[in-house]
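Engineer: need coordinates for the below:
(chains A and B)
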Amino acid sequence: MSALIIIFATMALALWLGLQARRGRDMNLEQWTVGGRGFGTLFVFLLMAGEIYTTFTFLGASGFSYGQGAPAFYILCYGSLAYIISYWLLPPVWRYAKAQRLFSQPDFFARKYDSPALGILVALVGIIALIPYLVLQLKGLGIIVSTASYGAIGSSTAIWIGAAVVTIYVMVSGVHGSAWTAVVKDALIVLVVVFLGIYLPLHYYGGLGAMFEAIDAAKPGFLALPAKGQSISWFDSTVLLTALGFFCWPHSFASAYTARDERIFRRNAIILPLYQLILLFVFFVGFAAILKVPGLAGPAIDLSLLRLSTATFPAGVVGIIGAAGVLTAMVPGSMILITAATLLANNIYRAFHKTAEEGHVSRLARLLVPVVALVAVYFTLEGGETIVALLLMGYSFVTQFFPALVCSLMARNPATREGAFAGILAGAATVAAISLTHTTLGTLFPSLPQAVRDLNVGIVALGVNIVVLAAVSAVTQPARQAPRTISPSR
Amino acid sequence: MGPVKWLALLPFIGMLGGVFFVNQVTPLVLGMPLLLAWILLWVLLTAAIMGVIYLADPANREGAQR
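Structural biologist: Modelled structure (predicted):
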């Protein structure tokens, strides 16, 4: 039971930190969602790094290494490329958001394109994308609590507990709580992951090289990309899709609003690629588990890190590992919940109730938190996807914002509001159709070359999006003047 | 900021294009499969390149408006 005690103590500590962070601040919508736009380098860094160290990293990346091998390496690539893009993407976004006093991602699109309808569409697609992301955090919480209880708590009960903790936490403290808990989370996760990644290969195989040699001998080809399926073209298209989508997540986009000045983003573009090297150690853990806790398949591959931990360490150590895992789910989970609730209240409810007061919208956002959490619990209990599959589905949705976003930042926007709307709608509809029917390019067009069939379907949706955006913009362009772009204050 | 900013394209070429040439396990580099070691190298180079760009960018000079 000692493992569980440590985990619950960590949850209690996170709640306490959340309560502390709230003190002395009037929690209006601006404080609750964007921290009053007063966060410095460290907090913005940690909020953005929250994307790297989620349950996805901890359990998903190790599980993907365990179950799929080399294709997992894509996770190390896309972050680096996304940070390069952020160097040029985030400063103009931040300037515009500050000048216009924006709270959320749909605000940005609605204002830039002068189209409330576009704002509502972006909010809807954002919420749809956030649900699988939230589901994967809850799934992770469930796995951790039930494994650390050595089976005493079933995974459904564990998911309910996790969802309740995240919900209470968010309702109490908003984004200030996320930033403070992020400090604790990142310290703990770095310690735990580096320790496991070094210790496990040494302990079980005598070293890193020996471990990879043993895996290569037991499973030839596992440590390189296969010729078909998750092949090189899958790898490249997935890295590109996720790198473009990285800052299109509603919560990542909005976390840029919390910055005090724009130089923070440029500095982070140097540090964040190095920071994600921790992923390397996560891979090592997943690989170490392959020959030691064999037989996990399907969604169960996400259990590999914790199974190997319980097989290796006494309950106290498992408790610390589990506590780190709980925080990696709680911090991003709380950010996702805040974002989804803000989108619903500020961008959908308010769009139809134009006269609603800020205080009213703010209260509504807080009340919607448990509603969103319940929806996510429902899908968590229903679904049987792996953590990585859930994340890639969300990425396919949010990446649909990228073309309209980039166009809107140009000096003279080549896209019209109709073009942006139609492009995002067509792209998101393609993703939805693909996800619901489990289609791949291979099943659609079996006669195409293998390299084309292996492309990530999200890239196809992005292609549809760009074509529709260009075509509709071309048709609607001459009918009226170029869309107003309000020049950012400089 | 001039031609320095084009350095930012190198990690894209290195990671997305390099995979075609290093998609193999051996030789192990620092105990890691070649593909993983290659990606690791480019993550490090990404940070270095962004550092160079940061220093060359006049927007980051002390006292710059933005």
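Engineer: where does the stretch 101-250 of chain A have low pLDDT?
Structural biologist: Counting by pLDDT under 70, the stretch 101-250 of chain A contains low-confidence ranges at A:173-180.
Engineer: from chain B, which residue is nearest to chain A?
Structural biologist: Nearest residue of chain B to chain A: B:Gly31, at 3.3 Å (CB to the nearest CB). Every residue, glycine included, has its C-beta placed from N, CA and C.
Engineer: okay, that residue: pLDDT?
Structural biologist: Looking at B:Gly31, its pLDDT is 88.
Engineer: show me the contacts for it.
Structural biologist: Taking CB atoms under 8 Å, 6 or more residues apart in numbering or on different chains, we find B:Gly31 in contact with A:Gly207, A:Leu208, A:Gly209, A:Ala210, A:Met211, A:Phe212.
Engineer: in PDB, could you pull the C-alpha coordinates for whichever helix or strand the fifth one is part of?
Structural biologist: Put plainly, it is A:Met211. Per DSSP states H and E: A:Met211 is located in helix A:208-218. C-alpha atoms of helix A:208-218 as PDB (Å, rounded to 0.1, in the frame of the first residue of the first chain):
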ATOM      1  CA  LEU A 208      23.100   0.400 -23.300                       C
ATOM      2  CA  GLY A 209      25.000  -1.200 -26.200                       C
ATOM      3  CA  ALA A 210      24.500  -4.700 -24.800                       C
ATOM      4  CA  MET A 211      20.800  -4.000 -24.500                       C
ATOM      5  CA  PHE A 212      20.300  -2.900 -28.000                       C
ATOM      6  CA  GLU A 213      22.400  -5.800 -29.300                       C
ATOM      7  CA  ALA A 214      20.200  -8.200 -27.400                       C
ATOM      8  CA  ILE A 215      17.000  -6.600 -28.800                       C
ATOM      9  CA  ASP A 216      18.400  -6.600 -32.300                       C
ATOM     10  CA  ALA A 217      19.300 -10.300 -32.000                       C
ATOM     11  CA  ALA A 218      15.900 -11.200 -30.600                       C
END
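Engineer: still on that earlier bit, may I see the contacts of B:Gly31 organised as JSON lines, with neighbour count and distance to chain B added?
Structural biologist: Listed next are the contacts of B:Gly31 as JSON lines, based on neighbours: other CB atoms under 10 Å in any protein chain shown; distance: CB to the nearest CB, whole Å:
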{"residue": "A:Gly207", "neighbour count": "11", "distance to chain B": "6"}
{"residue": "A:Leu208", "neighbour count": "19", "distance to chain B": "3"}
{"residue": "A:Gly209", "neighbour count": "15", "distance to chain B": "4"}
{"residue": "A:Ala210", "neighbour count": "15", "distance to chain B": "8"}
{"residue": "A:Met211", "neighbour count": "22", "distance to chain B": "8"}
{"residue": "A:Phe212", "neighbour count": "23", "distance to chain B": "6"}
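Engineer: list just the nearest of the residues you listed to B:Val22.
Structural biologist: Of all those, B:Val22 sits closest to A:Phe212, with 15.0 Å by CB to CB.
Engineer: so the closest one sits right up against B:Val25, yeah?
Structural biologist: Yes: A:Phe212 lies in contact with B:Val25 (CB atoms under 8 Å); the separation is 7.3 Å.
Engineer: any residues in contact with both of those two?
Structural biologist: Listed as contacting both A:Phe212 and B:Val25 by CB under 8 Å, 6+ apart are A:Leu223, B:Pro33.
Engineer: follow-up on the earlier one: farthest pair in the contacts of B:Gly31?
Structural biologist: The most widely separated members of the contacts of B:Gly31, counting by CB to CB, are A:Gly207 and A:Phe212 (9.4 Å).
Engineer: in which helix or strand does the closest residue to A:Phe283 other than its chain neighbours reside?
Structural biologist: In space, and not counting its chain neighbours, A:Phe283 is closest to A:Ser65: 4.7 Å by CB to CB, 6 or more residues apart in numbering or on different chains. Per DSSP H and E, A:Ser65 falls inside helix A:62-68.
Engineer: can you put the contacts of B:Gly31 in a markdown table and add distance to A:Asp236?
Structural biologist: As requested, the contacts of B:Gly31 are arranged in a markdown table below (distance: CB to CB, whole Å):
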| residue | distance to A:Asp236 |
| --- | --- |
| A:Gly207 | 31 |
| A:Leu208 | 27 |
| A:Gly209 | 28 |
| A:Ala210 | 31 |
| A:Met211 | 27 |
| A:Phe212 | 23 |
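Engineer: re earlier: who are the packing partners of the helix holding A:Ser65?
Structural biologist: helix A:278-292, helix A:304-312, helix A:387-398 (3 or more CB pairs under 8 Å, 6 or more residues apart in numbering or on different chains; DSSP states H and E).
Engineer: would you mark the buried spots in the shortest one?
Structural biologist: In this case it means helix A:304-312. Using 16 or more other CB atoms under 10 Å in any protein chain shown as the test for burial, helix A:304-312 gives A:Ser304, A:Leu305, A:Leu306, A:Arg307, A:Leu308, A:Ser309, A:Thr310, A:Thr312.
Engineer: where along the stretch 1-150 of chain A do the helices fall?
Structural biologist: For the stretch 1-150 of chain A, applying DSSP state H, counting those that start in this stretch gives helices covering A:2-22, A:29-34, A:41-49, A:55, A:62-68, A:74-99, A:105-112, A:116-148.
Engineer: could you give the mean pLDDT of the longest helix belonging to chain B?
Structural biologist: The residue-count maximum for a helix in chain B (DSSP state H) belongs to helix B:34-56. Throughout helix B:34-56, pLDDT has a mean value of 93.
Engineer: is any residue of it near chain A?
Structural biologist: Yes: Helix B:34-56 comes into contact with chain A (CB under 8 Å from any CB of the partner chain), by way of B:35-36, B:39-40, B:42-44, B:46-47, B:50-51, B:53-54.
Engineer: show me which of those are buried.
Structural biologist: Neighbour counting over the residues of helix B:34-56 next to chain A (16+ other CB under 10 Å) leaves B:Leu35, B:Leu36, B:Ile39, B:Leu40, B:Trp42, B:Val43, B:Thr46, B:Ala47, B:Met50, B:Ile53, B:Tyr54 as the buried ones.
Engineer: surely the third one meets A:Phe73?
Structural biologist: Yes: with contact defined as CB under 8 Å, B:Ile39 reaches A:Phe73; the gap is 5.4 Å.
Engineer: spatially central residue in chain B, please.
Structural biologist: B:Thr46 (2.6 Å; CA atoms, centre = their mean).
Engineer: ends of stretch B:18-35, what's the gap?
Structural biologist: This stretch, stretch B:18-35, spans 9 Å end to end (CA to CA, to the nearest Å).
Engineer: now name the helix or strand holding A:Val468.
Structural biologist: Element membership for A:Val468 (DSSP H and E) is helix A:457-476.
Engineer: what helices or strands is that helix leaning on?
Structural biologist: Packing contacts for helix A:457-476, counted by 3+ CB pairs under 8 Å, 6+ apart, involve helix A:232-245, helix A:387-398, helix A:402-409, helix A:417-437.
Engineer: buried sites along it?
Structural biologist: Residues of helix A:457-476 classed as buried: A:457-462, A:464-466, A:468-470, A:472-473, A:476 (neighbour count, 16+ other CB under 10 Å).
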